[in-house]
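**Q** Quick one, fold the following:
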Amino acid sequence: MRKLIGAAVMAMALLAPSFSQAGGGGSIVQEMREFCKQGHDSYTYCLGMIAGLVYMFAVNQQTDPRFKACIPKSGITGGQITQEFLNWADDNPKEWQRDGVWGMATVIRETWPCK
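**A** Sure thing, here's the model as predicted:
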């Protein structure tokens, strides 16, 4: 059941419509960078995407060794991940046209790798 829920959350994240592209498709890193700033109208969208990814990584940590991150047992907050994403996006402007979910997942995997 957890695997099914994780897959559903990931599918929703990948298929979420873009706020700036009339033709659909996911939000790019540059858009997510704006959405993830506190005070932005889409800040809760950003936190929802992060929550879905964290849940997916938690499930994968137990079931699929190919795509996982090891979130500390003490936990992390959406705000912490958001700040890591903003720092990464600012440091990697060449990645701004890539898929936003890919960027967030990359940050989580790089920040909390499994050892």
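
**Q** and the residue most central in space within the chain, what is it in contact with?
**A** Nearest to the mean C-alpha position of the chain, counting by CA atoms, centre = their mean, stands Met104 at 3.4 Å. Contacts were defined as CB atoms under 8 Å, 6 or more residues apart in numbering; by that measure Met104 touches 32, 49-50, 53, 81, 85. All C-beta spots, glycine's among them, are computed from the backbone N, C-alpha and C.

**Q** what's the closest of those residues to Asp91?
**A** Phe85 (10.8 Å; CB to CB).

**Q** circling back to that earlier point, can I assume the residue nearest to the centre of the chain sits in a helix?
**A** Yes - counting by DSSP: H, G, I helix; E, B strand; the rest coil, Met104 falls inside a helix.

**Q** Tell me, how many residues neighbour Gln38?
**A** 10 (other CB atoms under 10 Å).

**Q** May I have the predicted confidence score for it?
**A** Here the pLDDT value assigned to Gln38 is 91.

**Q** In helices, which of the contacts of Met104 appear?
**A** Using DSSP state H, the subset of these located in helices is 32, 49-50, 53, 81, 85.
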